[in-house]
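[1] Predicted model follows, preceded by the sequence.
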Amino acid sequence: MAEQRLENILAYGEWLTHRYDEDADSFHLRQLDRNQHDAATFITDEYLGVDANPFIVGRNEAMKQVAKTNPLHFILHSAFCASTMLARGFNLPGVSMGLKEPVLLNDIVGWRRRGAPPAAVAERLDHSLHMLARPFKGDRAVVVKPSNVFNALAPLALTMRPTSKAILLYAPLPVFLISVARKGLWCRLWCRELLEGLITDGMMTNLGFEPGDYFRMSDLQVAAVGWIAQQRHFNAMVGTFGPARIATLDSETLTVNPEAALTSATKHFGLEAHQDNISGHPAFATHSKFGGAFDSNDRAAEHKAAAEAYGDEIEKVLVWAKAVAETAGVPLHLPARLL
């Protein structure tokens, strides 16, 4: 492909950097417009379909072309907290684009977990962030919402990008447990997979458990300790980077008034958008996962039904989990609130 063509592809975010191939040390890009981003729950093959002919560029070649100064900010989350809705809100033409769980960052996480050298992981992460930071033409910035498997790498990402800011989004513990219970077997299994990753990432230390203890926990106990580990991690990030760079938000505050949350979030990122672009944003009137009309009242009704169905189990695990969190010094509510 001609040099000019490569330069054009790497200039803007319409060509999403979708994957990192560790064996070939190359990036795979695919072309997506705003509508395709918005229609996909996550920008993964499951929702986009497999691209049989991605544009492939060597990592070192890409770094010769791509700009290193594009603004990039983060929505970091601990799952089931309306993070996809907030990320969709950053589809603000002329201002920003929200990227929902790019697989590229999962590739870096997976490579790290398989034992890649830390210095090499840091370099690939830095280069991957440069690739994701390429804005849509006419926009000022990109806001990326990684999968929560990325959380262990988030402090490194913020250290390498001192102008980046983050919003740490979480569901209060009772809400989180209700979400896990109502989503059924697949979600309970996912919580065990999450725990496995947290152990690999070294995020389960000093919580008072031996490795064998996890086998004797119920599904909701596993979910709770995963939540506690992530909450401790987020609290430490607030202490490390301070409120000038980190703001926290809980799902209940977000879903009650999403427009106020998005307004405050754009200000936190230095991307103040005209209120006309935020008022009535379609992200706040449709279900972020399944489409169709959906609002905070629908969400409250779902959670009420789940609480009634699983209330006894949730209540018992909550008492246990609060004691675990208190013993470990983990706050149930984070400081540096956005709202």
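    On my side now, so go ahead.

[2] buried ones in the biggest helix by length in the chain?
    Longest among the helix segments of the chain by residue count, using DSSP state H, is helix 296-328. Of all the residues in helix 296-328, those buried under the rule 16 or more other C-beta atoms under 10 Å are R299, H303, A306, A307, Y310, I314, V317, A321, K322, V324, A325. For every residue, glycine as well, the C-beta is placed using N, CA and C.

[3] I'd like these written out as CSV, with distance to E7 and pLDDT added.
    Shown next, in CSV, are the buried residues of helix 296-328 (distance: C-beta to C-beta, whole Å; pLDDT from 0 to 100):
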residue, distance to E7, pLDDT
R299, 45, 67
H303, 49, 75
A306, 51, 76
A307, 55, 77
Y310, 55, 86
I314, 55, 95
V317, 55, 97
A321, 52, 98
K322, 55, 98
V324, 53, 98
A325, 51, 98
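
[4] biggest separation within those, which pair?
    R299 and V324 (27.2 Å; C-beta to C-beta).

[5] Nearest to K64 among the buried residues of helix 296-328?
    Relative to K64, the closest of the buried residues of helix 296-328 is R299; by C-beta to C-beta it sits at 46.8 Å.

[6] low pLDDT regions in this protein?
    For the chain, the stretches flagged by pLDDT under 70 are 1-4, 287-296, 299.

[7] Recalculate using a threshold of 50.
    1-2 (pLDDT under 50).

[8] the strands in it, which residues?
    Listed in chain order, the strands of the chain (DSSP state E) span 15-21, 26-31, 55-58, 72-77, 96-100, 141-145, 166-170, 246-250.

[9] Can you tell me which of the ones you listed is most buried?
    Most buried of these, by mean neighbour count (mean count of other C-beta atoms under 10 Å): strand 166-170, with a mean of 27.

[10] So which residues make contact with it?
    The set of residues external to strand 166-170 that reach it, using C-beta atoms under 8 Å, 6 or more residues apart in numbering, is 73-78, 81-83, 86, 154, 158, 176, 227, 230-231, 234, 237-238, 241, 245-251, 254, 265, 268, 334, 338.

[11] Show me what the longest helix of the chain packs onto, helices and strands only.
    helix 173-183, helix 219-241, helix 251-256 (3 or more C-beta pairs under 8 Å, 6 or more residues apart in numbering; DSSP states H and E).

[12] who does the last one touch, helix- and strand-wise?
    Contacts defined by 3+ C-beta pairs under 8 Å, 6+ apart place helix 251-256 against helix 83-89, strand 166-170, helix 296-328.

[13] buried residues in that helix?
    Residues of helix 251-256 classed as buried by neighbour count (16+ other C-beta under 10 Å): S251, E252, T253, L254, T255.

[14] can you check stretch 99-118 too?
    Those would be 99-109, 111-112, for stretch 99-118 by 16+ other C-beta under 10 Å.
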